[in-house]
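J.: Following is a predicted model, sequence given first.
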Amino acid sequence: PGLKVTKEFLSSFHDDMLCRIAFGEEIRFPPMLLSGPPGSGKRLSAKLVHKELCALHLCKGPFTEVQTYAELKDAFSDEGDGIVSKCVYVSDLYDRPDPHWDVIIKKTLK
């Protein structure tokens, strides 16, 4: 019964990606932001998304967990392979008390 939203997302995502691959369509996967209270399954959801991306051969990079902005920058410094080059999970951004995620994501995509 747990992670209902994640399971529904992964099911529709899987079907959508298979159709896109079959028809030769361009595949894009923008950054995801998972939010919720401690213990709500954010880390597990992120790992399940990474596992699905790897199963579809869309991501060949590792699942990386970071806790500081410096670690986040380092995670994006290496080039990856595949449509999704890597999966980075930010468990807590200890050195940024109230991060502006839109700004941080834009910086890491450069």
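T.: Nice, thanks for sending it over.

J.: contacts, neighbours, all on C-alpha from now
T.: Noted.

J.: Span of stretch 29-46 from start to end?
T.: One end of stretch 29-46 to the other measures 14 Å (CA to CA, to the nearest Å).

J.: mind listing what's buried in it?
T.: For stretch 29-46, the neighbour count (16 or more other CA atoms under 10 Å) marks 41-43, 45-46 as buried.

J.: Dump these to a markdown table, plus distance to Glu71 and pLDDT.
T.: Below are these laid out as a markdown table (distance: CA to CA, whole Å; pLDDT from 0 to 100):
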| residue | distance to Glu71 | pLDDT |
| --- | --- | --- |
| Gly41 | 22 | 89 |
| Lys42 | 19 | 88 |
| Arg43 | 17 | 91 |
| Ser45 | 21 | 92 |
| Ala46 | 18 | 91 |
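
J.: In helices only, show me these.
T.: Among the buried residues of stretch 29-46, the ones falling in helices (DSSP state H) are 42-43, 45-46.

J.: neighbours of Ala75, just the number please.
T.: Residue crowding around Ala75 was assessed by other CA atoms under 10 Å; the count is 20.

J.: for it, what are its contacts?
T.: For Ala75, the contact set (CA atoms under 8 Å, 6 or more residues apart in numbering) comprises 64, 66, 88.

J.: Who wins on neighbours among these?
T.: Greatest neighbour count in these, by other CA under 10 Å, goes to Val88: 20 neighbours.

J.: Spatially, which residue comes closest to that one, not counting chain neighbours?
T.: Thr64 (4.8 Å; CA to CA, 6 or more residues apart in numbering).
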